[in-house]
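[1] Sequence and predicted structure, then a few things I'm wondering about:
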Amino acid sequence: MLLRVRVTLPDRPGTLGQVARTLGVAGADIVQVVVLERLGGRAVDDFTVVWPGAARVERLLAGLAAIPGVRVDGVWRAIGAPTATGQDAELLAQVAGNPTDGLATLVDAVPGLLGADWAVAAAVPVDWASRTGGNGDATVGHASWRAPVPTRLPEITPLRARALTGADGRHYAIAPFGRAGLVLVVAREHHEPLTAAAFHSTEVDRLALLVRASAVILGGRLDLVGAPPVVAGG
């Protein structure tokens, strides 16, 4: 199976090689490395690896923990193969090429791009935060195929791009479209014995850029999400 392994490590020569060797010794086959951050002598890297299904992840964690200065921030299942450079542009091209299904295209693709489990586009009322029941009042316009039914959303107002963690340990990244209270919510679930990492700020920024670009492309079509259907002859 594919795993995503997020590691914080000293940003100095040789440390990345130690991590890579440790992953290999534990049985992981590295297929992609993404540097999320380099700051203050530390780096945050995402490794996507092919992991033997029968192997215990504890072996992998123990090996990484033995490297001085290395911290494992999360290990979770990756959805689909790693994405190559240009995937964001390709996704936006698909949204522009078929705007009628543009929102659904965006929602279905984002979990794979961000290593998440599911995503929903929801229309949130202006007084959403003050209503009894809170997230139950959000209207889901489209949900990816892994989204739970019914979908329970975290307290996402005020609407601004950010990451948050729910009381149940589920991690979210949210980004508003800037129209009609519409917001894209992406989630990572907690699956024992794996523990997903929270969304990094670079991932939130990436999501926000995709959402803003899609909002420009789709324009007024987004105002119809969550609106009551028009009944012929009504």
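    Ah, there it is. Everything numeric here is computed off the predicted structure, so don't read it as measured data.

[2] May I see the buried residues of stretch 151-161?
    In terms of neighbour count (16 or more other CB atoms under 10 Å), stretch 151-161 has its buried residues at Thr151, Leu153, Pro154, Ile156, Thr157, Leu159, Ala161. The C-beta positions use only the backbone N, C-alpha and C, and glycine is treated the same way.

[3] Surely the second one is in a strand?
    Translated: Leu153. No - Leu153: not assigned to a strand; according to DSSP: H, G, I helix; E, B strand; the rest coil it is coil.

[4] these two touch, right, it and Ala138?
    Yes - with contact defined as CB atoms under 8 Å, Leu153 and Ala138 form a contacting pair (5.4 Å).

[5] roughly how far is the longest strand along the chain from the heart of the chain?
    Scanning the chain for the longest strand, with DSSP state E as the assignment, gives strand 29-39. Centroid separation for strand 29-39 versus its chain: 16 Å, with CA atoms, centre = their mean, to the nearest Å.

[6] helices or strands up against it?
    helix 15-26, strand 42-50, helix 201-218 (3 or more CB pairs under 8 Å, 6 or more residues apart in numbering; DSSP states H and E).

[7] okay, the angle between it and helix 201-218?
    Using axes from the mean of the first three to the mean of the last three CA atoms, to 10 degrees, the inter-axis angle of strand 29-39 relative to helix 201-218 is 90 degrees.

[8] okay, and for this structure, where does confidence drop off?
    Low-confidence segments of the chain (pLDDT under 70): 54, 80-85, 126-137, 226-234.

[9] any chance you could map the strands in it?
    According to DSSP E, the strands that the chain contains are 2-10, 29-39, 42-50, 71-77, 118-123, 139-143, 162-165, 171-176, 182-188.

[10] Quick one, which of these gets closest to Gly86.
    Among the strands of the chain, strand 29-39 comes nearest to Gly86, with 14.2 Å by CB to CB.

[11] tilt between that closest one and helix 15-26?
    Using the same axes, to 10 degrees: strand 29-39 against helix 15-26 is 150 degrees.

[12] I appreciate the help and will end here.
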